[in-house]
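Visitor: Sequence plus predicted model, see below.
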Amino acid sequence: MAMNGCRISQQLREYNPRQFGICSLTNNKKCCFYYNRVRPPQPPPRKFPFLFNYTTAPQRFSKFQLLGTNSSSSSSSSSFVTNNSNEDLVSSINKEVCTQDIFSDSLSRAENGENSLSEGLAVAGGIVALGKFDALHIGHRELAIQASKIGVPFLLSFVGMAEILGWEPRAPIVAKCDRKRVLSSWAPLCGNIVPKEFQIDFSKVRSLSPQQFVEKLAEELGVGGVVAGQNYRFGYRAAGDASDLVRLCNEYGMRASIINSVMDNNQESVKDTFSSNSHEKGQVSSTRVRHALAKGDMKYVTELLGRHHRLIVRVKNSENVFRERKRLSVPRSCLLNLAPKEGLYENCSLVIGDDDQNVVVPCRLVIDTTDIHLELLDELAPPINTNTQYFESLGIDFSDSKV
């Protein structure tokens, strides 16, 4: 027996009266399709761990970059990204990197899960200097200078070595967000070309023989030539030396240049420290820079680096940052790179802002076991205000003093 709409509505009202109301479209109380029950709260919008960076059309998609994704989700777009476009990305998010206490390097192609094709696009035809490039000292600079005499210079190193080889994590000598500044200072010596950094996942090359490693450089990456120091070793278990590198490069049609090691002029003071190390032959090394920082000998550090050591301190959004007019105290957990030995350092310089438009103010610095304390020495300097946009991070340059 057919039932009219009123009887259907009445039965529905008796069955579940809370779900029967006024039609939101027709104001018809007999309508059973719309009811004015309270909607459940909407879930918050999903927050993706993506950092988008792109340029205006038509190059927008060729420079699109996704950071914070795994290899499966970023491989499709990363093949369009070259090393130069990635450097532009690093420049645009330089302050973001400085404000995060992370060890991720956006210059690394391998860490972003990119394949060998995109890696090859980054350094194809370039001249790569081989090394670790932790300190970016004068020995590394000499490699870049020699590479620039042959072609476009790149610094090629490996990431993930500490995790795979079981090394203890160490603070970097140069902060990640400060490396571009250092490399830019080398440009006048490199034919006005800023060397680019390029990194390969160590797990991808660890088991390669010397010949397989050179084959990867030549055929997969399209490298035009290599530059290395006379003590450079490569391949599985460091089986290849500089002479093997020259021979293999000739076989694969690449240029090879082996340069003499840049020697440390301060041999006597560190003779006892490095006498038992078979890898130390008196050359400038990152190990010697760390040793000089541990002693607080900033003059020695300057000689090894070819510049004043800059300590990068993150202060924006940092807890326990204490400021009082021209004084600032920050926990050591806010440091983004390796600090020298505890003590008082006179004649330092506080660098505020980017290098293009920065302000340099003389200061003194005290480093203890838990904090660093900074005091401005210029009477005309304004009070320290960490709320300004320039204080996402601070740079502190050390003079040639000794603690």
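Guide: Thanks, I have it.
Visitor: With just CA atoms, put the helix or strand containing Arg290 into CSV.
Guide: Under the criterion of DSSP states H and E, Arg290 resides in helix 286-295. Below are the C-alpha coordinates for helix 286-295, written out as CSV (Å, rounded to 0.1, in the frame of the first residue of the first chain):
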residue,chain,number,x,y,z
SER,A,286,90.4,19.7,9.0
THR,A,287,91.9,17.7,11.9
ARG,A,288,94.4,20.4,12.6
VAL,A,289,91.7,23.1,12.5
ARG,A,290,89.8,21.2,15.1
HIS,A,291,92.9,20.8,17.2
ALA,A,292,93.6,24.6,17.0
LEU,A,293,90.0,25.4,18.0
ALA,A,294,90.3,23.0,21.0
LYS,A,295,93.4,24.9,22.1
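Visitor: Mind giving me the packing neighbours of it?
Guide: In terms of contacts (3 or more Cβ pairs under 8 Å, 6 or more residues apart in numbering; DSSP states H and E), helix 286-295 is packed against helix 271-274, helix 298-305. Every C-beta, even on glycine, is put in place using the N, C-alpha and C of the backbone.
Visitor: Confidence-wise, which of those is weakest overall?
Guide: Of all those, helix 271-274 carries the lowest average pLDDT, namely a mean of 62.
Visitor: need the contact list for Ala294.
Guide: If you count contacts by Cβ atoms under 8 Å, 6 or more residues apart in numbering, Ala294 has them with 340-341.
Visitor: oh, I was asking about Val182
Guide: Val182 touches 136, 174, 307, counting by Cβ under 8 Å, 6+ apart.
Visitor: Measure how buried the residue lying closest to Leu293 once chain neighbours are set aside is and give me the count.
Guide: Excluding the flanking residues, the one nearest Leu293 by Cβ to Cβ, 6 or more residues apart in numbering is Pro340, at 4.6 Å. Residues near Pro340, counting by other Cβ atoms under 10 Å, number 22.
Visitor: Check the one 5 residues further on too.
Guide: For Tyr345, the tally of surrounding residues (other Cβ under 10 Å) stands at 24.
Visitor: Would you mind pulling the contact partners of the helix or strand hosting it?
Guide: In this structure, Tyr345 is located in strand 343-352 according to DSSP H and E. Strand 343-352 is contacted from outside by 296, 298, 308, 310, 358-367, 374, 376, 390-391, 394-399, 401, 403, using Cβ under 8 Å, 6+ apart.
Visitor: Quick one: classify the residue nearest to Leu374 when sequence neighbours are not counted as helix, strand or coil.
Guide: Once flanking residues are discounted, Leu374 sits nearest to Leu328: 4.6 Å by Cβ to Cβ, 6+ apart. Look at Leu328: counting by DSSP: H, G, I helix; E, B strand; the rest coil, its state is strand.
Visitor: Bridge partners for Leu328, pull those for me.
Guide: Note on Leu328: beta-bridge partners Arg323, Leu374, judged by DSSP bridges.
Visitor: Per-residue pLDDT of it, please?
Guide: If you check Leu328, the pLDDT there is 89.
Visitor: Look up how far Ala147 lies from it.
Guide: For Leu328, the distance to Ala147 equals 40 Å [Cβ to Cβ, to the nearest Å].
Visitor: Pick out whichever of these two has more residues nearby.
Guide: Between Leu328 and Ala147, Ala147 has the larger neighbour count (other Cβ under 10 Å), namely 29 against 23.
Visitor: now the more buried one, nearest residue through space, not along the chain?
Guide: That would be Pro153: by Cβ to Cβ, 6+ apart, it lies 3.7 Å from Ala147.
Visitor: who touches the one you found in this structure?
Guide: With Cβ under 8 Å, 6+ apart, Pro153 has these contacts: 126-127, 129, 144, 147, 190, 193, 195-196.
Visitor: Buried ones in stretch 295-309, by neighbour count?
Guide: Residues of stretch 295-309 classed as buried by neighbour count (16 or more other Cβ atoms under 10 Å): 295-298, 300-307, 309.
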